[in-house]
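Student: Based on what follows, work out the 3D shape:
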Amino acid sequence: MLSVNLLPPQYKKEVELSKDNRKKLSKIFISTVILVFVLALSGGSYLYFNQIVREKTDAISKLDPQINDLGKTEKKFTSLQGRIELLKTLVNDHLYWNDLYETIYASLPTDVKFNQIILNSDLKKSQQITGISPDLERIATFRETLENNNFMSEVKIETISYSDNTNDKGYSFKINFKLSKEAFAMQKEGNR
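Tutor: Predicted coordinates:
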């Protein structure tokens, strides 16, 4: 078959150029649409993620005071824990006075009353017990009982005087003694 072209060659070139231009324009248009779509998608993603970052930053900034309060609470807890350890040490290793007092009180004869007990942790200094007894025999028994305790030494009756008061009728006495090292180990041995 013969191809006959009735179009002038100039016009034919223009038609072919316009077809090429349309193809190019359609490619440019499609590329522009794709570019706009990609830019819109990127911009939307940027705005969306930026909003999420702002929300998370706000949430974190709201949590910061709570975290700081937690740090203060942790410091208080650590301080209290140190105090508890100190109290445990005191109770387990140094609270011999209660046991010492209970031992002295357990050796007290009936009807003998304490007025005052002066205890000192210095082994060289004298300790002192003052009280009232209805008779001299009970004072002597009390002194003898204290002397037999292995944590007391040099138990001496310092003074005895008779009081005729209606409230404190009887013999007022003052007993001095010294503590031995065993008195301070009573609590430790009891805990083991």
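Student: Three-state assignment for Asp122, please.
Tutor: On the three-state scheme (DSSP: H, G, I helix; E, B strand; the rest coil), Asp122 is labelled coil.
Student: pretty sure Leu123 contacts Lys178?
Tutor: Yes: using C-beta atoms under 8 Å, Leu123 makes contact with Lys178 at a distance of 6.7 Å. The way it works is simple: take the backbone N, C-alpha and C, and place the C-beta from them, glycine included.
Student: for Glu147, helix, strand, or coil?
Tutor: helix.
Student: could we number from 48 for the rest of this?
Tutor: Sounds good: first residue 48 from here, last item Glu194.
Student: Check what pLDDT it gets.
Tutor: With respect to pLDDT, Glu194 has a value of 86.
Student: how near is it to Pro181?
Tutor: Applying C-beta to C-beta, to the nearest Å, the value for Glu194 to Pro181 is 21 Å.
Student: Same question for Glu205.
Tutor: From Glu205 across to Pro181, the span is 20 Å (C-beta to C-beta).
Student: Those two: who's more crowded?
Tutor: Taking other C-beta atoms under 10 Å, Glu205 and Pro181 do not tie; Pro181 has more neighbours (15 against 12).
Student: From Asn97, how far off is the more buried one?
Tutor: 94 Å.
Student: what's the answer for Ala153, then?
Tutor: Ala153 is 80 Å from Asn97, by C-beta to C-beta.
Student: now swap in Lys74 and tell me
Tutor: For Lys74, the distance to Asn97 - C-beta to C-beta - is 34 Å.
Student: And for Arg185?
Tutor: According to C-beta to C-beta, Arg185 and Asn97 sit 92 Å apart.
Student: More neighbours: which of the two?
Tutor: For the pair Arg185 and Asn97, the greater number of neighbours falls to Arg185 (19 against 10), based on other C-beta under 10 Å.
Student: Kind regards, and thank you for your time.
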